[in-house]
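1. one predicted model, sequence on top.
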Amino acid sequence: PEIDFVTLLGQAGTGKTLLTLAAGLMLTLEFKVYSEIIMTRVTVPLGEDIGFLPGTEEEKMNPWMGALEDNLDVLNKTDDEAGEWGRAATRDLIRSRIKVKSLNFMRGRTFIIDEAQNLTPKQMKTMVTRAGPGTKVVCLGNIAQIDTPYLTEGSSGITYAVDRFKGWPHGGHVMLARGERSRLADFAS
């Protein structure tokens, strides 16, 4: 059966964002199943909030989207024969198919929710119930890195979703176990 909802869990550096973007770009650019990828991230600051930011919705989200840019760099470096011009053209094509949105404005589209461990069960339900026909939702998270003091591994929205969608034939769950970051990051995890 066709999969509509996917949860992808794993510690930092396991490749959740990289795998999701690679699959999404394949379905968008190669197989033309989707016309674009909508990506968002739960915006919970680790330090003091930086306050109001002027600019467009995408400009306001950019400080939170470092993982997107880092992963696009990795995906774009794989073709050494393309040369600098070829890589630049590929990056522009890929970037034109990825839209960055705030959670507040996500409705009825195919989208990726990064850092979904920071959503409450109610927020997760609200996001998923906004899905229109033909929508695919992919939620990425690391329940060991919840950034809000009001949630735990057991009360996180992504934990709630994994439990509720268990056994549904149009849902999938992937658990990535091995990280590829530094020794320091692995030891800290």
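-> Good, I have the coordinates.
2. pLDDT score for the residue nearest to L119 when sequence neighbours are not counted?
-> Among residues not flanking L119 along the chain, G157 sits closest, at 3.4 Å (CB to CB, 6 or more residues apart in numbering). (Glycine included, C-beta is placed from N, CA and C.) pLDDT, G157: 96.
3. check contacts around G157.
-> Contact analysis of G157 by CB atoms under 8 Å, 6 or more residues apart in numbering lists 116-125, 151.
4. all strands of the chain, in order?
-> Using DSSP state E, the strands of the chain run over 5-10, 37-41, 98-100, 111-114, 137-141, 171-176.
5. tell me the most buried of those strands?
-> A comparison of these by mean neighbour count, using mean count of other CB atoms under 10 Å, puts strand 137-141 on top with a mean of 26.
6. angle of that one against strand 5-10?
-> Angle, strand 137-141 to strand 5-10, by axes from the mean of the first three to the mean of the last three CA atoms, to 10 degrees: 20 degrees.
7. count of neighbours near T14?
-> For T14, the count of nearby residues is 22 (other CB atoms under 10 Å).
8. same thing with the one 4 residues further on?
-> The number of residues packed near L18 is 17, by other CB under 10 Å.
9. can you tell me how far the residue nearest to L119 is from P1?
-> Here the distance between G157 and P1 works out to 24 Å (CB to CB, to the nearest Å).
10. got it, and H173?
-> Taking CB to CB as the measure, H173 falls 15 Å from P1.
11. max-length helix in the chain?
-> Longest helix of the chain, by residue count under DSSP state H: helix 83-96.
12. list the helices and strands that helix packs on?
-> With contacts defined as 3 or more CB pairs under 8 Å, 6 or more residues apart in numbering; DSSP states H and E, helix 83-96 has these neighbours: helix 66-76.
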